[in-house]
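> Sequence and predicted structure are below.
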Amino acid sequence: MKTSAEVRASVKIASLTAGAMLLSAGTALSADLVISNWAGYMAPDIAETFKAATGLTIEVVNHATNEEIMGKLMASQGKGFDVVFVSSPFAHILNGQGLLEPLSDASVPNLANLYPEARKLAYDPGNTYAVPYAWGTTGLCYRSDLVKGTPDSWASLLSPPDDLKGKVTMLATDRWLMGAGLLYKGYSVNEKDPAKIEEAKTALIEAKKTLLAYDDTTFYSKLVSAEASLVQAWDGWCNYGIAENDKIKFVVPKEGSDLWIDTMVIMKNSEKKEAALKFVNYILEAKNHAWAASNIFYKVPNKPAMESLDPALIKQYPNMGMTPAELVGYEELQDLGEAQRDYSKAVSEIKAAN
């Protein structure tokens, strides 16, 4: 088990505020593979260990958001990249555009390490074009010493009691801000009905009056400092707060939540497909995939990797012990198609409202 100093170091890496992480034994022109990923989302020595195992060199270039890398991939038709990490709705879009290389158990044997539930995800049953790398859900992260009882409803966030007003934060990103409003109203996180989206928007504008802030990056720090008492949080990010204060807890509201999945995909226009397949297969080795769980506190859909974790990690961060059956009971985030414009418009109006 890590010391508290090591945990804090891991949290800083995982906060995605680190600088560009170049993990190359050569330059972009000489590396065997170009990988695009979020900063801090793989082991810092991945280039060295992968080269030792396969003889292949890699360069990792970082993207800050799904939208950023999608713009590059659409403009280049995927050329210049071999393996890319994107969230599942974006993998779905890339596949629909014909930009992804098909996958199979024969080409990626370590797919066998995935939980059965991770082999049957709605966006890609059988993992035919995307390999799930990390998964989790969204809920309420709170200071148990500052909040009365367990805040087990989205109403705790959108309609907080008087003692929590001004002590609450919500995620600013379109899908999760709207998701909280939609779940509060009893709707799906993938709702496309304009009338229901409007209802959620109205509820979120009203909730804005009780908020401390919209915050996607420092909400757990606000809990640690007691500036906030209750925040909307991704499960893994709540763990960063727990690492610094064991009074911080995580709960999924009784109305349910989303299932988010980050994936690895191989570009069809890659000129190094065989090497790219080796990289994906390498990540799926239990010892390699376990790095993400034990260092950035995200659950991974890899059975032997999760089973290899120190039990003390699960004890310290209880949401790490959520089972695959529990996770797939939540709503898998889907590509919204044209409705994404309605979400973005609604969020713009929410943030502009007085």
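In hand now; what should we look at? Numbering: from 1, shown residues only.

> for Pro102, phi and psi?
phi -60, psi 150 (degrees, to the nearest 10).

> how many other residues sit next to it?
By other C-beta atoms under 10 Å, 10 other residues sit near Pro102. Where you see a C-beta, it was placed from the backbone N, CA and C, and this is true even at glycine.

> got a list of what it touches?
The contact partners of Pro102, taken as C-beta atoms under 8 Å, 6 or more residues apart in numbering, are Thr128, Tyr129.

> average model confidence for stretch 210-225?
The average pLDDT within stretch 210-225 is 96.

> Touching, Leu183 and Gln232? I think so.
No - counting by C-beta atoms under 8 Å, Leu183 does not reach Gln232; the two are 10.7 Å apart.

> Overlap in contacts, these two.
In contact with both Leu183 and Gln232: no residue, using C-beta under 8 Å, 6+ apart.

> Look up the closest residue to Ile283, ignoring the ones flanking it.
Nearest non-adjacent residue to Ile283, counting by C-beta to C-beta, 6 or more residues apart in numbering: His289, 6.0 Å away.

> quick one: that neighbour is in a helix?
Yes - counting by DSSP: H, G, I helix; E, B strand; the rest coil, His289 is part of a helix.

> Quick check: next helix or strand after the lengthiest strand in the chain?
As assigned by DSSP state E, the longest strand anywhere in the chain is strand 131-143. Using DSSP states H and E, the helix or strand that follows strand 131-143 towards the C-terminus is helix 155-158.

> Could I have the CA atoms of that following helix written out in CSV?
Taking Å, rounded to 0.1, in the frame of the first residue of the first chain, the C-alpha atoms of helix 155-158 are listed here in CSV:
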residue,chain,number,x,y,z
ALA,A,155,-32.3,16.1,-4.9
SER,A,156,-29.6,16.5,-2.3
LEU,A,157,-27.5,18.2,-5.0
LEU,A,158,-30.2,20.2,-6.9
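
> Okay, the residue nearest to Gly256 when sequence neighbours are not counted and Leu121: tell me how far apart.
Excluding the flanking residues, the one nearest Gly256 by C-beta to C-beta, 6+ apart is Tyr330, at 6.0 Å. Separation of Tyr330 from Leu121 (C-beta to C-beta, to the nearest Å) stands at 12 Å.

> now do Asp162
42 Å.

> contacting residues for the closest residue in space to Asn302 that isn't next to it in sequence?
Nearest residue to Asn302, sequence neighbours excluded (C-beta to C-beta, 6+ apart): His289, at 4.3 Å. Counting by C-beta under 8 Å, 6+ apart, His289 touches Asn113, Tyr133, Ile283, Val300, Asn302, Ala305.

> out of the residues you listed, who's nearest Val224?
Proximity of the contacts of His289 to Val224 (C-beta to C-beta) peaks at Val300, which lies at 25.5 Å.

> Let me see the backbone angles for the closest one.
phi -120, psi 150.

> Strands of this protein, start to end?
Using DSSP E, strands in the chain cover 33-37, 58-62, 83-87, 131-143, 168-170, 211-214, 230-234, 248-251, 258-266, 331-332.

> can you list the ones you listed in a markdown table and add mean neighbour count and distance to Leu309?
Shown next, in a markdown table, are the strands of the chain (neighbours: other C-beta atoms under 10 Å; distance: least, C-beta to C-beta, whole Å):
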| stretch | mean neighbour count | distance to Leu309 |
| --- | --- | --- |
| strand 33-37 | 22 | 22 |
| strand 58-62 | 22 | 24 |
| strand 83-87 | 24 | 21 |
| strand 131-143 | 25 | 14 |
| strand 168-170 | 25 | 29 |
| strand 211-214 | 18 | 33 |
| strand 230-234 | 26 | 19 |
| strand 248-251 | 21 | 17 |
| strand 258-266 | 25 | 18 |
| strand 331-332 | 18 | 24 |
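
> With distance to Leu277 as added columns, please give the ones you listed in JSON lines.
JSON lines is the format used below for the strands of the chain (distance: least, C-beta to C-beta, whole Å):
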{"stretch": "strand 33-37", "distance to Leu277": "10"}
{"stretch": "strand 58-62", "distance to Leu277": "13"}
{"stretch": "strand 83-87", "distance to Leu277": "9"}
{"stretch": "strand 131-143", "distance to Leu277": "10"}
{"stretch": "strand 168-170", "distance to Leu277": "40"}
{"stretch": "strand 211-214", "distance to Leu277": "40"}
{"stretch": "strand 230-234", "distance to Leu277": "30"}
{"stretch": "strand 248-251", "distance to Leu277": "36"}
{"stretch": "strand 258-266", "distance to Leu277": "7"}
{"stretch": "strand 331-332", "distance to Leu277": "25"}
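
> So which of these is nearest Asp310?
strand 131-143 (18.2 Å).

> Measure how the closest one sits relative to strand 83-87, angle-wise.
Interaxial angle, strand 131-143 versus strand 83-87 (axes from the mean of the first three to the mean of the last three C-alpha atoms, to 10 degrees): 40 degrees.

> circling back: so which of Asp162 and Leu121 has more stuff around it?
Higher neighbour count among Asp162 and Leu121: Leu121, with 21 against 7, using other C-beta under 10 Å.

> Quick check: Ser344 vs Met178, distance?
On the measure of C-beta to C-beta, Ser344 and Met178 end up 9 Å apart.

> out of these two, which sits in the busier spot?
Met178 (25 against 14).

> Just give the nearest non-adjacent residue to the more buried one, would you?
Tyr343 (5.0 Å).

> I'd say that neighbour and Gly179 touch.
No - using C-beta under 8 Å, Tyr343 is not in contact with Gly179; the gap is 9.3 Å.
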